[in-house]
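Engineer: Quick one: sequence plus predicted model below, questions after.
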Amino acid sequence: MNLEKLACKLAFIYNDNIMLIITLFFISILLLHKDGNINYKNINGVIIICLLTYILEIIITISKNYFKTSRPCQDRNIISKCCPATSFDIPSGHTALGIFHGLILYYAGYKYLSIFFFLQPLFRYIGLQHTLTAITVGGVYGGIFYKIFEYLNSKINKL
């Protein structure tokens with residue numbers, strides 16, 4: 001198996017809506033069952049994460065349709081499940097979601113688990129699904145959404 005195909009398989013975490021729902025469920029369980037106990041004060045944070053994730057998905061879709069840049073694999077005529085012919089490059093949704101969810105897990109104390117999420121941009125670049133520009137823009141989106149999450153979560157927890 002070549003490096004591009006391996007990187008494609010490692011970026012499975014956001015490949016469809018089912019995987020996104022499973023990922024959100026997994027993050028929710030981790031945040032709600034911290035230290036083996038159910039922590040109900042984190043329920044607001046979980047709701048915010050889910051809402052922001054879907055808002056981020058909408059913004060990514062709008063951005064891709066606005067920029068309409070081709071992917072590196074499309075430029076090389078490598079069309080596959082990892083590189084569909086009808087999708088665009090900028091921004092990288094896997095990167096945006098990976099950085100957003102990775103930062104949440106990192107600051108929740110799951111530092112080693114967050115590494116897998118932080119590697120999503122690398123997987124997408126090596127797999128020829130995205131350019132460095134797309135990964136950078138996606139990373140900025142993910143960072144901005146993490147800061148929005150921090151702000152909203154702190155405001156709601158003060159109520």
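Structural biologist: Received, thanks.

Engineer: ok, then the element right after the worst-scoring helix or strand of the chain on mean pLDDT?
Structural biologist: Across the helices and strands of the chain, mean confidence by mean pLDDT, DSSP states H and E is lowest for helix 3-10: a mean of 68. Downstream of helix 3-10, the first helix or strand assigned by DSSP states H and E is helix 17-32.

Engineer: buried ones in that next one?
Structural biologist: The neighbour-count criterion (16 or more other C-beta atoms under 10 Å) identifies Leu20, Thr23, Leu24, Ile27, Ser28, Leu30, Leu31, Leu32 as the buried residues of helix 17-32. For glycine as for every other residue, the C-beta is placed from the backbone atoms N, C-alpha and C.

Engineer: what's downstream of it, the next helix or strand?
Structural biologist: Using DSSP H and E, the first helix or strand after helix 17-32 is helix 43-67.

Engineer: What helices and strands are in contact with that next one?
Structural biologist: When contacts are defined as 3 or more C-beta pairs under 8 Å, 6 or more residues apart in numbering; DSSP states H and E, helix 43-67 sits against helix 17-32, helix 93-107, helix 132-157.

Engineer: Just tell me which of these ends up closest to Leu51.
Structural biologist: For Leu51, the closest of those is helix 132-157, at 8.9 Å, according to C-beta to C-beta.

Engineer: Would you indicate which residues of the closest one are buried?
Structural biologist: For helix 132-157, by 16+ other C-beta under 10 Å, it's 134-139, 141-142, 145-146, 149, 152-153.

Engineer: helices and strands around that helix, which ones?
Structural biologist: Using 3+ C-beta pairs under 8 Å, 6+ apart: helix 132-157 touches helix 43-67, helix 93-107, helix 120-126.

Engineer: circling back: tell me which of the buried residues of helix 17-32 is nearest to Cys73?
Structural biologist: Using C-beta to C-beta, Leu20 comes nearest to Cys73 of the buried residues of helix 17-32, at 21.6 Å.
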